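Peer 1: show me how the following folds:
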Amino acid sequence: METSTMTIEDGKVVTLHYSLFNADDGSEIENSRETGEPMAYLHGYNNIIKGLENALTGKAVGDEVDVTLSPEEGYGEYDNTLFQRISRKYLKHAGKLTPGKVVTVSTDEGPRMLTVLKVGLKTVDVDANHPLAGQSLRFVVQITDIRDASDEEKAHKHAHGVGGHQH
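Peer 2: The predicted structure is shown next:
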C-alpha cells in the first residue's frame with residue numbers, strides 16, 4: 001500500500017530552511033542556516049509573505065522551491081509617505097539609536113520594523129516602510145517537515161516549538 005505524502009495546505013505547520021536574495025543584484029540578505037535553526041510557520045495564517053506562501057502550497061517534504069517575488073508579492077512597494085517623527089520615549093527599549101538602525105515597535109497591528117533616519121533630543125525621525133519594501137526578492141527554500149497544527153497553534157495563529165513562537 002502506498003503511503004500518502006503530506007503536502008502543504010492551510011492548517012499545516014511547515015518547517016523549512018531558506019536563503020533570501022535581492023533578485024536584482026543577487027546579493028544574499030538572509031540565510032536560516034546561519035542561525036542554525038530552520039524556520040517554522042503555520043500555513044494559511046499570514047505568518048509569511050503571501051507570495052512565498054502561495055509558492056509553497058501543495059509542496060512536500062524534501063521539495064526545493066526557488067521563487068522570485070515582485071515587491072507587490074513581497075513587502076509592498078516603497079511608500080514615500082511612511083516617514084514619521086515619534087517621541088524618543090517609544091524607542092527606549094532599542095538602546096543607542098543611530099541612523100540606519102532597524103528597531104521593532106509594538107503597534108495595534110502587531111510588531112512593526114522602523115528604520116531610524118535622524119535622532120534628535122526628544123524625537124526620532126523614522127521610515128515605517130519594511131526594510132525590504134520596493135525590492136524584488138528571490139527565496140530558495142528547502143522544506144524539511146510538515147505536520148498538522150495543534151488546536152492551540154490554530155487558536156494562536158502561529159507555530160510553536162523549535163523555529164516557531166516561544167511562549
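Peer 1: how about the residue positioned nearest the centre of the chain, phi and psi?
Peer 2: The centre of the chain sits closest to Ile48, judged by C-alpha atoms, centre = their mean, with a distance of 5.3 Å. Geometry field for Ile48 lists phi and psi as phi -130, psi 170, criterion degrees, to the nearest 10.
Peer 1: would you confirm that it contacts Asn54?
Peer 2: No: the criterion here is C-beta atoms under 8 Å, and Ile48 misses it with Asn54 at 10.1 Å. Quick note: C-beta positions are derived from backbone N, CA and C, even for glycine.
Peer 1: please, where are all the helices along the protein?
Peer 2: 32-35, 50-56, 151-156 (DSSP state H).
Peer 1: sorry, back to before: the nearest residue to the residue nearest to the centre of the chain once chain neighbours are set aside pairs with what?
Peer 2: Closest residue to Ile48 apart from its sequence neighbours, by C-beta to C-beta, 6 or more residues apart in numbering: Tyr41 at 5.2 Å. Beta bridges link Tyr41 to Val14, judged by DSSP bridges.
Peer 1: ok, Tyr18 next?
Peer 2: Val141.
Peer 1: and for Met39, the neighbour number?
Peer 2: Met39: 19 surrounding residues under other C-beta atoms under 10 Å.
Peer 1: and it, what does it touch?
Peer 2: Contacts for Met39 were tallied using C-beta atoms under 8 Å, 6 or more residues apart in numbering; they are Thr15, Leu16, His17, Tyr18, Ser32, Gly163.
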